[in-house]
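Visitor: Quick one: sequence plus predicted model below, questions after.
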Amino acid sequence: MEKYALTGTPGTGKTSVSKLLNEKVTSLSDYYEEASEGKTNSGEWVVDIEKLNTIFKTSDTKIYEGNFAHKLNNIDKIIVLRCDPIILKERLEERGYKKEKIMENLEAEAIGLIFSESISYVGENNVIQLDTSNTDIENIAMNIEKYMDGKIKVEEEIDYSERILEWY
């Protein structure tokens, strides 16, 4: 059984989409406390990726969802959800993120950090990216299911790097 990571910058829709998938999905956030030495001053878990890997070493889960899912050792393919930083900013503000954390996430999204990291973990042929900016989550979930079933090939190219120029 192939194992998938459903990952992306916070606010791209990972959790919302994962709830619509027909496969069993394991949310990594449910294990952050177990795989952490504690929280930062701002309340974020300091996740130890090796501890996460130990927790899921023998898991029969097909899809792992979370910010760090692409870093798990047992992953075969990675699905990266992306979002235009202009829209992502609104989503993160609605969640009450602090300005510094919003900028950190917007910069990561603009340069495609998680997409790039994913390629380094499993290779370019095993990573797809889907833009959630203006597409409803039902459609995104349907495309993920079709991709996992081998019914469609996803070759979406996403580049938000020009957004950085608007910020400085």
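Guide: Received it, and whenever you're ready, just let me know what you need.
Visitor: Could you use CA atoms for every contact and neighbour count after this?
Guide: Noted.
Visitor: how about low-confidence regions in this protein?
Guide: Within the chain, the segments meeting pLDDT under 70 span 168.
Visitor: let's see it at 90
Guide: Applying pLDDT under 90 to the chain flags the ranges 1, 33, 35-46, 56-61, 152-156, 162-168.
Visitor: all strands for it, in order.
Guide: Taking DSSP state E, the strands of the chain run over residues 4-8, 25-27, 36-39, 45-47, 63-65, 77-82, 127-131.
Visitor: can I get these in a markdown table with distance to N143 and mean neighbour count?
Guide: Converted to a markdown table, the strands of the chain look like this (distance: least, C-alpha to C-alpha, whole Å; neighbours: other C-alpha atoms under 10 Å):
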| stretch | distance to N143 | mean neighbour count |
| --- | --- | --- |
| strand 4-8 | 13 | 27 |
| strand 25-27 | 16 | 19 |
| strand 36-39 | 33 | 14 |
| strand 45-47 | 30 | 17 |
| strand 63-65 | 15 | 23 |
| strand 77-82 | 11 | 26 |
| strand 127-131 | 9 | 21 |
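Visitor: Using CSV, lay out those strands together with distance to R91.
Guide: Listed next are the strands of the chain as CSV, based on distance: least, C-alpha to C-alpha, whole Å:
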stretch, distance to R91
strand 4-8, 14
strand 25-27, 20
strand 36-39, 23
strand 45-47, 21
strand 63-65, 19
strand 77-82, 13
strand 127-131, 14
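Visitor: right, so of those, which gets closest to A110?
Guide: The closest of the strands of the chain to A110 is strand 77-82. By C-alpha to C-alpha, the value is 9.3 Å.
Visitor: strand partners of the closest one, parallel vs antiparallel please.
Guide: Applying DSSP bridges to the sheet, strand 77-82 is found paired with strand 4-8 (parallel), strand 127-131 (parallel).
Visitor: Put together JSON lines for those, with distance to R95 on each row.
Guide: Formatted as JSON lines, the strands paired with strand 77-82 follow (distance: least, C-alpha to C-alpha, whole Å):
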{"stretch": "strand 4-8", "distance to R95": "16"}
{"stretch": "strand 127-131", "distance to R95": "20"}
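Visitor: Which among the ones you listed is found nearest to E107?
Guide: Of the strands paired with strand 77-82, nearest to E107 by C-alpha to C-alpha is strand 4-8, at 12.8 Å.
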